[in-house]
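Peer 1: 3D model of this:
(one chain, ligands or ions: 1)
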Amino acid sequence: MSGHTQNLTLAIIKPDAFGSGKIGGVLGVLEEAGFKVRGSRVVRLDDRAAQAFYAVHSERPFFDSLVEFMTSGPCMPLALEHERAVPHLRDVIGATDPAEAKPGTVRALFAESKERNAIHASDSDDNARQELGFFFGHVDLIGAR
Ligand code: GDP
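Peer 2: The predicted structure follows:
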């Protein structure tokens, strides 16, 4: 069975939203959607960290540009809790390209472009576990025991 069962997922408020005063707006949408914040940090990724985080996209034509964007300023990784957290968060953030994102989604509200699209969210339970581990240690995740 391959259903989503995990109640924690990873989001990142990306440098475009972080740098333009949209942290509160993004968090408001996430809280309104029922997510509980179980971990948060402010980090500035360097090239190595951004390349490692997005390693799955290393052969894509936009990879260098994506790494440059993700290292351009601080961002905010979040550990978010909700039932079936991964698919719920994917619904709440909207399509990768804000032009295709449903009204009310984080990307429809706050994204600038397909690349500068305000927020990252894990796309599977396995990736959520791995990406949570990338940014958070066990003791950082409140209530995750
Ligand atoms: P996501 O899961 O919706 O974030 O989308 P993907 O995993 O496909 O892509 C990862 C990130 O790469 C996206 O969130 C965008 O920031 C960026 N990206 C995706 N597709 C494109 C593209 O066609 N052009 C550019 N410049 N960036 C892209």
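Peer 1: can you give me phi and psi for residue 89?
Peer 2: phi -70, psi -40 (degrees, to the nearest 10).
Peer 1: Actually, residue 10.
Peer 2: Dihedral angles for residue 10 - degrees, to the nearest 10 - are phi -110, psi 130.
Peer 1: Grab the nearest non-local neighbour of it.
Peer 2: Ranked by C-beta to C-beta, 6 or more residues apart in numbering and with sequence neighbours excluded, the top spatial neighbour of residue 10 is residue 131, at 4.1 Å. From N, CA and C alone the C-beta is placed, and that goes for glycine too.
Peer 1: Please, which helix or strand holds that neighbour?
Peer 2: Taking DSSP states H and E as the criterion, residue 131 maps to helix 125-135.
Peer 1: Spell out whether that helix and the ligand are in contact.
Peer 2: No: judged by C-beta under 6 Å from any ligand atom, helix 125-135 makes no contact with the ligand; its nearest approach is 9.5 Å.
Peer 1: Other residues contacting that helix?
Peer 2: 4-6, 8-10, 39, 41, 43, 52-53, 77, 79, 85-86, 122, 141 (C-beta atoms under 8 Å, 6 or more residues apart in numbering).
Peer 1: if we go to 10 Å?
Peer 2: Residues from elsewhere that reach helix 125-135, judged by C-beta atoms under 10 Å, 6 or more residues apart in numbering: 2-12, 38-41, 43, 45, 49, 52-53, 56, 76-80, 84-87, 89, 120-124, 138, 140-141, 144.
Peer 1: Those residues: which ones sit near the ligand?
Peer 2: Contacts with the ligand within the contacts of helix 125-135, counted by C-beta under 6 Å from any ligand atom: 120, 123.
Peer 1: Helices - which of the contacts of helix 125-135 land there?
Peer 2: Of the contacts of helix 125-135, the ones assigned to helices by DSSP state H are 49, 52, 53, 85, 86, 87, 89.
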